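Enquirer: sequence first, predicted coordinates after that:
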Amino acid sequence: MADSTRTPRTAIVTGSDSGIGRATAVALARAGCDVGVTWNTDEAGAQATAQEVRSHGRRAEVAHLDLTRLPGAGDVVDDLAERLGGVDVLVNSSGTGTSTPLLDLEYEDWRRTVATDLDGAFVCLQRAARRMVAQGRGGRIVNITSVHEHQPRVGAAPYCAAKGGLGLLTRTAAIELAEHGITVNAVAPGEIATPMTGQTDTEPRERTEDESRPGVPLGRPGDAREIAAVVAFLCSPEAAYVTGASWPVDGGMLQMGPMAGSHLTSDDWRRP
C-alpha cells in the first residue's frame with residue numbers, strides 16, 4: 001500500500017484564475033508545491049495566479065480547461081502532469097451555477113452546470129487518480145463542493161444536484177482509492193467573496209455595512225483564503241488519516257437548519 005503521509009510536491013488546481021481556485025493555488029505553492037493553473041475564460045487571471053505561485057519560489061504551468069468539452073478536457077490534466085513531472089494533488093475548483101426557478105430552467109443550462117460541476121470533476125479526478133496510482137506514492141484529491149452539497153437552495157436545481165453528486169463521488173472515490181494511499185475529501189464553502197458570487201477578491205473581514213450577513217452566524221461572507229487554508233491542510237501530511245469527509249466552511253450557516261440563509265436581512269433569528 002502506498003504511503004499517504006508523503007509531502008506533496010506537485011498540484012493541479014482547476015479554475016485557479018480567480019477566487020477560491022487562485023487562493024488555493026497560492027496556498028499550495030506556499031506549502032511547497034509546483035502548481036498547474038487552469039482557466040476557462042480569464043487567461044490574464046490565470047497568468048496572475050501563476051506569477052503569485054512563482055513569487056513563492058515554485059513552478060507554475062498554465063493551461064486552458066473547458067469542462068463542457070468532455071471527456072477530452074481530461075487531456076489537460078495529463079498534459080499538466082507531464083509538464084510538472086507528476087501530480088500529487090488535484091483540487092477540483094472549477095464551477096458554475098444558475099439562479100433560475102426549476103420550471104423556467106432550460107435544458108441547456110442544466111447540462112452546462114452539471115457538465116462543469118460534476119461530469120468535469122469526475123473526468124479530472126479519474127485522470128489524476130490514474131496517474132497517482134501509476135506513480136505509486138499516494139496522493140490527495142479535494143473537491144470544492146458547496147453548502148448546497150448538503151442543503152438545497154431555490155433557483156439552483158442543477159447546481160445543488162451536481163454538488164450533491166460530487167459529494168457522493170468524493171465518498172465513493174475515497175473508499176476505492178484508499179488502498180493506493182490516495183485520500184479524497186470535499187470542502188463545502190458557504191457564501192465566499194469571489195467573482196462567482198458577484199463580489200471581488202477582497203478582505204471580507206474588513207466588511208462595510210453592505211457586506212453584513214445577518215443570516216450567517218459569523219455575520220459576514222467568507223474569504224477565499226479561508227477555504228484555501230482548509231484545502232491546504234487536507235493536502236498536508238497532517239491530514240493523512242482524513243478521507244471521505246466533507247468540510248463545511250460556511251460561518252456556521254448549515255447549523256441554522258430551517259432558519260438558514262445568507263439572504264436574511266435581519267438578526268431577528270438570534271432572539272427566541
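Expert: That came in fine, so what should we check first?
Enquirer: convert the top helix by length along the chain to CSV, retaining C-alpha atoms only.
Expert: Ranked by residue count under DSSP state H, the longest helix found in the chain is helix 157-177. Written as CSV, here are the backbone C-alpha positions of helix 157-177 (Å, rounded to 0.1, in the frame of the first residue of the first chain):
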residue,chain,number,x,y,z
ALA,A,157,-31.5,22.9,-9.0
PRO,A,158,-28.6,21.9,-11.4
TYR,A,159,-26.0,23.4,-9.0
CYS,A,160,-27.4,21.5,-6.0
ALA,A,161,-27.8,18.3,-7.9
ALA,A,162,-24.2,18.5,-9.2
LYS,A,163,-22.7,19.4,-5.9
GLY,A,164,-24.7,16.7,-4.1
GLY,A,165,-23.5,14.2,-6.7
LEU,A,166,-19.9,15.4,-6.3
GLY,A,167,-20.2,14.9,-2.5
LEU,A,168,-21.1,11.2,-3.0
LEU,A,169,-18.5,10.8,-5.7
THR,A,170,-16.0,12.0,-3.2
ARG,A,171,-17.1,9.4,-0.7
THR,A,172,-17.0,6.6,-3.2
ALA,A,173,-13.6,7.6,-4.6
ALA,A,174,-12.3,7.8,-1.0
ILE,A,175,-13.2,4.1,-0.5
GLU,A,176,-11.9,2.9,-3.8
LEU,A,177,-8.6,4.8,-3.8
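Enquirer: that one: what's the following helix or strand?
Expert: Past helix 157-177, heading to the C-terminal end, the next element that is a helix or strand (DSSP states H and E) is strand 182-189.
Enquirer: which neighbouring elements make contact with that next one?
Expert: In this structure, strand 182-189 makes packing contacts with helix 120-135, strand 139-144, helix 157-177, helix 224-234, strand 246-249, judged by 3 or more CB pairs under 8 Å, 6 or more residues apart in numbering; DSSP states H and E. Any C-beta I mention is one placed from the backbone N, CA and C, and that applies to glycine too.
Enquirer: neighbouring strands for that strand, and are they parallel or not?
Expert: Listed by DSSP bridges, the sheet partners of strand 182-189 and their directions read strand 139-144 (parallel), strand 246-249 (parallel).
Enquirer: looking at the helices and strands packed on strand 182-189, which one is packed in the most?
Expert: Stretch with highest mean neighbour count among these: strand 139-144 (a mean of 28; mean count of other CB atoms under 10 Å).
Enquirer: strands of this structure, start to end?
Expert: Residue ranges of the strands in the chain, as given by DSSP state E, are 10-13, 34-39, 60-64, 89-92, 139-144, 182-189, 246-249.
Enquirer: what's next to the fourth one, contact-wise?
Expert: Read that as strand 89-92. Taking contacts as CB atoms under 8 Å, 6 or more residues apart in numbering, the residues outside strand 89-92 that touch it are 8, 10-14, 21, 24, 28, 33, 77, 120-121, 124-125, 128-129, 139-144, 166, 231, 235.
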